[in-house]
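**Q** structure here, sequence nowhere to be found:
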């Protein structure tokens, strides 16, 4: 991230993120949100299961996922746990499809 932290990069983009984390193997059941969200893994990894789309997105440290409102998803935390930054936006801010971005976002 070229000298700028993930939190700084999100703030520069006008996104105010909170931090959360989970231990190895923790899971989240399938669910949806009424808002768009941007997730960035800052340590460890987490796999988001985009259940209705039939695909998984693995977020490793430094990677980002833009998740539009209404996207059904579940998650499984990687073997070393995970810490993420998460920012919420109004529904429709991100477009219609989830977008996984590598560490150069």
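**A** Nice, thanks for sending it over. Just so you know, these numbers come straight off a predicted model, no measurement behind them.

**Q** low-confidence stretches in the chain?
**A** 1-3 (pLDDT under 70).

**Q** just the strands in the chain please.
**A** 17-22, 27-31, 36-50, 55-60, 64-67, 73-89, 99-101 (DSSP state E).

**Q** of those, which stretch is the most buried?
**A** Of all the strands of the chain, strand 64-67 carries the top mean neighbour count, a mean of 22, counting by mean count of other C-beta atoms under 10 Å. Yep, even glycine has a C-beta here, placed from its N, CA and C like the rest.

**Q** what packs against that strand?
**A** Using 3 or more C-beta pairs under 8 Å, 6 or more residues apart in numbering; DSSP states H and E as the contact test, the elements touching strand 64-67 are strand 36-50, strand 99-101.

**Q** before we move on, back to that, now render the strands of the chain as CSV, adding distance to residue 4.
**A** Output for those, formatted as CSV (distance: least, C-beta to C-beta, whole Å):
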stretch, distance to residue 4
strand 17-22, 14
strand 27-31, 29
strand 36-50, 12
strand 55-60, 18
strand 64-67, 14
strand 73-89, 13
strand 99-101, 15
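
**Q** out of those strands, which is closest to residue 9?
**A** When those are compared by C-beta to C-beta, strand 36-50 sits nearest residue 9, at 8.1 Å.

**Q** so what's the most centrally placed residue in the chain closest to, chain neighbours aside?
**A** Taking C-alpha atoms, centre = their mean, the centroid of the chain lies closest to residue 39, which sits 2.5 Å from it. Spatially, and ignoring its direct neighbours in sequence, residue 39 is nearest to residue 65 (4.7 Å; C-beta to C-beta, 6 or more residues apart in numbering).

**Q** tell me the bridge partners for the one you found.
**A** residue 39, residue 100 (DSSP bridges).

**Q** try residue 21
**A** residue 83.

**Q** list the contacts for it?
**A** Contacts for residue 21 (C-beta atoms under 8 Å, 6 or more residues apart in numbering) come out as 43-44, 81-84.
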